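> no sequence on this one, just coordinates:
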């Protein structure tokens with residue numbers, strides 16, 4: 001495990017400026033930048049709120065071109081740096097935090113234009129699979145700048161249709177139907193289409209979280225799953241697997257009343273895992289080059305639960321009908 005020491009941050013705007021911060025330069029008193037990034041296993045776009053302080057007006061013009069791509073990277077000078085967000089600018093504002101300080105506030109989303117406006121128009125012959133339908137939906141998204149991420153071809157290839165099909169309409173509607181039929185969920189992560197089985201996790205191994213690898217405090221058990229905080233770690237993404245020792249988790253108290261029995265069952269079904277393996281459904285990165293915040297918040301569910309918790313699904317996270 002590399003050292004998680006001295007912050008390293010950058011914000012890059014397509015065709016425009018790149019702003020950077022390194023904690024080992026100028027005694028750690030470089031440019032102030034902040035970010036709040038939310039990532040979910042849902043088709044609704046990931047969101048980034050970025051703040052860059054006390055810039056010259058002439059250097060901020062590129063941020064005001066709505067639709068330009070913006071990339072946020074962060075990590076550690078002594079260790080690894082991660083691309084946390086790669087999306088498109090929706091809004092930029094010049095604000096003042098007080099009399100002397102001003103901030104360029106950028107609101108960006110990950111793939112909102114392809115998600116909302118991509119249209120498929122293709123005919124598939126008899127013998128095609130759900131995977132063929134996903135690839136047909138991907139073509140118009142690719143034309144709008146979306147790449148191809150992890151696709152669960154095994155889950156999407158179980159059924160071969162005996163008849164052909166004509167796909168026409170919004171891509172998001174067809175993907176929603178495909179995912180509902182195959183028990184998968186689709187999302188756009190860092191500019192790439194991802195389709196993942198509800199009972200599976202992304203390949204690439206487990207991320208061990210403990211006090212030596214960046215776990216902050218003790219995760220807590222809720223009806224959503226296990227909620228925890230770690231030092232900023234860009235490897236934690238929706239769909240990955242984290243391993244947390246059972247002794248590190250604060251177990252929730254049962255509701256002793258008869259009306260609390262349903263919630264008690266949810267705690268058992270989606271809560272603490274005997275083997276310590278959990279699938280992540282929600283990730284929130286927060287950072288401040290001058291403040292205390294430099295953390296990754298996450299919500300995860302025991303891997304052997306084979307689905308997201310009902311509390312998360314009610315928010316559209318990890319649900320096969322999340323394309324609404």
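That came through, no problem. All values derive from a computational prediction rather than experimental measurement. Numbers count the residues shown, from 1 in each chain.

> The stretch 51-200 of the chain: helices as residue ranges?
For the stretch 51-200 of the chain, the helices defined by DSSP state H, counting those that start in this stretch occupy 112-117, 130-143, 153-156, 171-182.

> Any chance of TSV for those helices, columns mean pLDDT and distance to residue 206?
C-beta here means a position set from N, CA and C on the backbone, and glycine is covered the same way. Below are the helices of the stretch 51-200 of the chain laid out as TSV (pLDDT from 0 to 100; distance: least, C-beta to C-beta, whole Å):
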stretch	mean pLDDT	distance to residue 206
helix 112-117	92	30
helix 130-143	97	27
helix 153-156	95	20
helix 171-182	94	25
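
> Nearest to residue 36, out of those?
Closest approach to residue 36 among the helices of the stretch 51-200 of the chain is made by helix 112-117 (16.9 Å; C-beta to C-beta).

> could I get the helices of the stretch 51-200 of the chain as a markdown table with mean neighbour count?
What follows is these, written out as a markdown table (neighbours: other C-beta atoms under 10 Å):
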| stretch | mean neighbour count |
| --- | --- |
| helix 112-117 | 18 |
| helix 130-143 | 20 |
| helix 153-156 | 16 |
| helix 171-182 | 20 |
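
> okay, the ones you listed in CSV with distance to residue 251 next?
As requested, the helices of the stretch 51-200 of the chain are exported to CSV (distance: least, C-beta to C-beta, whole Å):
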stretch, distance to residue 251
helix 112-117, 38
helix 130-143, 39
helix 153-156, 33
helix 171-182, 33
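
> which one of those helices lies closest to residue 203?
Among the helices of the stretch 51-200 of the chain, the nearest to residue 203 by C-beta to C-beta is helix 153-156 (11.6 Å).

> for that closest one, packing partners?
Judged by 3 or more C-beta pairs under 8 Å, 6 or more residues apart in numbering; DSSP states H and E, helix 153-156 is in contact with helix 130-143, helix 171-182, strand 192-197.

> now the angle from the first one to strand 192-197?
Here the directions of helix 130-143 and strand 192-197 differ by 160 degrees (axes from the mean of the first three to the mean of the last three C-alpha atoms, to 10 degrees).

> contact partners of helix 130-143?
Contacts with helix 130-143, where a contact means C-beta atoms under 8 Å, 6 or more residues apart in numbering, come from 111, 114-115, 118-122, 124, 146, 148, 151, 153, 156-159, 165, 167, 171, 174-175, 178, 181-182, 186, 193, 195.

> Give the full set of residues in contact with residue 304.
By C-beta under 8 Å, 6+ apart, the residues touching residue 304 are 273, 275, 277.

> List phi and psi for the residue nearest the centre of the chain.
Among the residues of the chain, the one closest to the centroid is residue 39, at 2.4 Å (C-alpha atoms, centre = their mean). Main-chain torsions, residue 39, degrees, to the nearest 10: phi -130, psi 130.

> Could you tell me which strands the helix or strand that contains residue 283 is paired with, and in which direction each runs?
Per DSSP states H and E, residue 283 falls inside strand 277-288. Strand 277-288 has its sheet partners listed here by DSSP bridges as strand 33-40 (antiparallel), strand 241-244 (antiparallel), strand 294-302 (antiparallel).

> Those: which one's closest to residue 81?
Nearest to residue 81 among those is strand 294-302; the distance by C-beta to C-beta comes to 12.7 Å.

> Please spell out which residues along the least confident helix or strand in the chain by mean pLDDT are buried.
Using mean pLDDT, DSSP states H and E, helix 310-313 stands out as the lowest-scoring helix or strand of the chain, at a mean of 77. Buried residues in helix 310-313, counted by 16 or more other C-beta atoms under 10 Å: 311-313.

> Can you show me the helices along the stretch 201-324 of the chain?
For the stretch 201-324 of the chain, the helices defined by DSSP H, counting those that start in this stretch cover 261-270, 310-313.

> What's the separation between residue 257 and residue 265?
14 Å (C-beta to C-beta, to the nearest Å).

> Ok, residue 247 next?
In terms of C-beta to C-beta, residue 247 sits 23 Å off from residue 265.

> Cool, thanks, talk later.
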